[in-house]
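*Asks:* What would the 3D arrangement of this be:
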Amino acid sequence: MHPFLQKTLGGLSAQYYFRQLVFGVGLAALFIFLASQGGHSPSFGQLAFAVVSTLLYPYSRFVYESVVGFIMGNNLFLVNALVMLTVKFVTMLMCWAFALFVAPLGLVYLYVHHSRQAG
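*Replies:* Residues are numbered from 1 along each chain as shown. Next comes the predicted model:
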């Protein structure tokens, strides 16, 4: 694999990428299901958006988790499980929907991080 691709797209662990990809596929299925309601079939643009968002979702989620980890630190918050799951779902949905814009930040970070480790 080309070093640039290995430092960016291959920058996440396979386990992390696969786990987030599974969630991304679930969100894409929900999006396509909702887009197909009312007797309409999803347009090519909607399907392309779903595919791109799903493939970039792990990198978008990586950015989100990194920022939240930096802000929150090692604090523990005790909240109602329903509230926590709702917030988690909303943040996942936002990371998926805005993956095209957020994921490049993660890819740049991974490239810089892995370049510094190699050199």
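
*Asks:* can we go C-alpha only for contacts and neighbour counts from here?
*Replies:* Fine.

*Asks:* Show the model's pLDDT score for residue 46.
*Replies:* We have a pLDDT of 94 for residue 46.

*Asks:* Could you report the separation of it from residue 92?
*Replies:* As judged by CA to CA, to the nearest Å, residue 46 and residue 92 stand 18 Å apart.

*Asks:* who has more neighbours, the two?
*Replies:* Neighbours per residue (other CA atoms under 10 Å) separate residue 46 from residue 92, with residue 92 holding more: 20 against 15.

*Asks:* what's the more buried one in contact with, if anything?
*Replies:* By CA atoms under 8 Å, 6 or more residues apart in numbering, the contact set of residue 92 is residue 61.

*Asks:* buried sites along the one helix or strand it maps to?
*Replies:* Per DSSP states H and E, residue 92 falls inside helix 81-97. In terms of neighbour count (16 or more other CA atoms under 10 Å), helix 81-97 has its buried residues at 92, 93, 95, 96, 97.

*Asks:* Closest one to residue 53 out of the residues you listed, please.
*Replies:* residue 96 (5.7 Å; CA to CA).

*Asks:* quick one: contacts for the closest one?
*Replies:* By CA under 8 Å, 6+ apart, residue 96 lies in contact with 24, 27, 53, 54, 56, 57, 60, 61.

*Asks:* burial count for the first one?
*Replies:* The burial count assigned to residue 24 is 26, neighbours taken as other CA under 10 Å.

*Asks:* Begin at 708, not 1, for the rest of this chat.
*Replies:* Taking 708 as the first residue, the last one we looked at is residue 731.
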